[in-house]
Structure formats: structure tokens, C-alpha cells
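Chemist: build me a structure from this.
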Amino acid sequence: MRELRRSGYDRRQGDSDEKKASRDDNKDRRSLNNHYYQFIKILKKIPIFKNLRVDQFQYILNICAKNSFNKDDTIFVEGEESSEMYILIHGELKITFIDGKELSIIKPVGIVGEMGIFTGEPRSASVSAATDCLLFTIHRKELFKVFEKDSFLALQILMNVIKDLSHKLRNNNVIIDELRQVAFPGDYSKVLSKTLLEEEKDS
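Modeler: Next comes the predicted model:
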């Protein structure tokens, strides 16, 4: 049976469709790359991810889940298991104690719940959405899998966590020394409350 030949118009139309599909594909790839670049810029602002390579930032992005929360939604509650940490992309988060007292407001690009990931301690406070929010969520199991694949990444993040804790400890010691000079014996509740506020400001 003789094969039918396509007309010149059909061939040109076929070529045009293929080129359009190729352009669309390239456009999608550029858009994806732009999103990766923007998200990497966000992660670079977070102290525990300091000094990572671009490919290592991509490892972290690959385990980030985007989650939207409405105003007044609960992110986690004081006393719960610490299995996830959250990076605030848009909106504001509110940190409160179990008695309802507000500790601080977290703004982009803030991170909450990260210490519990490494210490295994229960949540020390509750976090809720002060406004509509967009968060990156990183689960402990997924992060530790990345650590197993890249030991340098694991070491760098753990060193950053230690530096962050050391910085907060130094600040707390300065605050305690200053308040000891002006506070009467028995007034050290002031020390604790001010220390907690300073820690959140530095986060």
C-alpha cells in the first residue's frame, strides 16, 4: 500500500506544533528554575542553613512541603511531639504559652520548631497563624535522610545550630547579669521573661 505523503502545509504545521511545544517546555523549565532560585534566596536568610552549597539547598527544597494556613489556625500546641519545623514564607505567626500569654510574633523569613527536631524535646510553646500564612514544612525523618546522603550538609547544619544556641546563650548571660544588678532578690521572673523575648527576637 502506497504511503501517503504529507503536504508542505501539513509538514510546516507539524513543525510549528513541535516548536511551540518545545518553547512551552523551555518556558516551564525557566519558571521552575526561577522558583528554585527564589526559594533558595529565602533559605539563605535562615541561620541554620548558612554556608550550604546550591545543590545542598536543592536537597532541602526537595523535602519542603508547602502548606497554607488560615488566620487563627493552629500550627502546633505546647507539649506535642516535635517532628516538624516550619519556615514562614508569607504572613505572620503567633507564639503563645499554654496559659494564653502571647510571647512574640514571627514574620517572614522566620523559622519555628527547629530545635525540637534536633533535641527531641516536646514543644515548649504553641504556634498559631496570626494572619493567613504560607509555610514550608520539613519533617524530621526527611531531613535525617538527607543527612545520611550528605554528611557535610549534616555537619554544617548541626554546627549552625550550635552557633545559634551559643549566640542566644551569650545574649541571655548578658541580660541576666544586667538584671541582677537592678533586680531585687526574688524578682528573677523578670529575667526569665525578658530572656525569652530576646531569644525570639534573635530567631
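Chemist: which SS state does residue 95 fall under?
Modeler: strand (DSSP: H, G, I helix; E, B strand; the rest coil).
Chemist: actually residue 169, sorry about that
Modeler: Strictly by three-state DSSP, residue 169 counts as helix.
Chemist: let's number from 16 now, not from 1
Modeler: Got it, first residue is 16 now, which makes that one residue 184.
Chemist: what about it, how many residues nearby?
Modeler: Residue 184 has 11 neighbours, counted by other Cβ atoms under 10 Å. Heads up, the C-betas are built off the backbone N, CA and C, glycines and all.
Chemist: so how far is residue 134 from it?
Modeler: Distance, residue 184 to residue 134, by Cβ to Cβ, to the nearest Å: 15 Å.
Chemist: swap in residue 103?
Modeler: 21 Å.
Chemist: which one's more surrounded, the two?
Modeler: Between residue 103 and residue 134, counted using other Cβ under 10 Å, residue 103 has the larger neighbour count: 23 against 12.
Chemist: so who does that one touch?
Modeler: With contact taken as Cβ atoms under 8 Å, 6 or more residues apart in numbering, residue 103 is in contact with 121-127, 148-150.
Chemist: show me which positions of stretch 138-146 end up buried.
Modeler: 138-145 (16 or more other Cβ atoms under 10 Å).
Chemist: redo these as TSV? Include pLDDT, distance to residue 166 and secondary structure.
Modeler: Listed next are the buried residues of stretch 138-146 as TSV, based on pLDDT from 0 to 100; distance: Cβ to Cβ, whole Å; DSSP: H, G, I helix; E, B strand; the rest coil:
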residue	pLDDT	distance to residue 166	secondary structure
138	92	29	coil
139	89	29	coil
140	91	32	coil
141	94	35	strand
142	95	31	strand
143	95	36	strand
144	96	36	strand
145	95	38	coil
